[in-house]
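Chemist: sequence and predicted structure are below.
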Amino acid sequence: KHGMQGRRQWRKVHLAMDPATSDIRAVEFTPSRDGDSPVLPDLLGQVPEDEQIGTVTADGAYDTRRCHKAIIERDAVPIIPIRKNGRLWKENCPAARARNETLRATRYYGRALWKRWTGYHARSRIEARMRYLKAFGERIAARDPDRQTAEIHIRIALMNSFSALGTAEIV
């Protein structure tokens with residue numbers, strides 16, 4: 001009677017967090033068909049230019065030229081593990097030199113020691129923030145993509161205000 005219903009798609013939320021304050025600084029909301037790495041330059045663009053970014057920690061999906069270039073342009077240090085079959089890049093730009101240094105370090109010291117040395121495991125804190133985001137509900141009530149984005153931004157604002165109230169101290 002109402003025609004065939006279209007297949008429902010899920011959406012991805014990409015977050016950028018300040019590890020010192022645990023505040024979510026940037027949010028991107030994309031369809032499921034979009035990859036992870038093209039979103040990183042947009043996330044970095046949401047952080048004001050006058051604010052310094054020390055390091056950018058991401059998983060191996062962000063091991064692309066575009067991501068490394070965007071990170072180096074913001075004068076930040078990329079902490080991105082190289083893919084298992086990663087090869088050296090031509091050293092024709094600062095981003096390639098930084099990535100090649102990471103590749104050499106992981107080959108020489110090993111992946112586990114590199115992760116400990118660079119503090120890569122701090123990335124798990126953003127995974128915990130994703131869990132907090134899901135605590136507001138697994139589903140988004142809105143159907144319109146613009147309203148869905150607004151709903152995610154409201155949830156992020158609530159999370160940031162909760163973290164501003166204070167966090168538990170572990171003794």
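Modeler: All right, it came through fine. Residues are numbered from 1 along each chain as shown.
Chemist: so where's the chain uncertain?
Modeler: For the chain, the stretches with pLDDT under 70 are 1-8.
Chemist: quick one: the strands in it?
Modeler: Secondary structure of the chain (DSSP state E): strands located at 11-18, 23-31, 55-57, 77-79.
Chemist: nearest to H153, out of the ones you listed?
Modeler: Closest approach to H153 among those (Cβ to Cβ): strand 23-31, 6.3 Å. Every residue, glycine included, has its C-beta placed from N, CA and C.
Chemist: any buried residues in the longest helix along the chain, and which?
Modeler: Longest helix in the chain, counting residues (DSSP state H): helix 145-165. Neighbour counts using 16 or more other Cβ atoms under 10 Å place Q148, T149, E151, I152, R155, I156, M159, N160, S163 of helix 145-165 among the buried residues.
Chemist: let me have the strands of the chain in TSV, adding mean neighbour count and distance to R97 as columns.
Modeler: Below are the strands of the chain laid out as TSV (neighbours: other Cβ atoms under 10 Å; distance: least, Cβ to Cβ, whole Å):
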stretch	mean neighbour count	distance to R97
strand 11-18	17	24
strand 23-31	17	26
strand 55-57	19	16
strand 77-79	18	11
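Chemist: now those strands as CSV including distance to Y109?
Modeler: Rendered in CSV, the data for the strands of the chain read as follows (distance: least, Cβ to Cβ, whole Å):
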stretch, distance to Y109
strand 11-18, 27
strand 23-31, 31
strand 55-57, 18
strand 77-79, 14
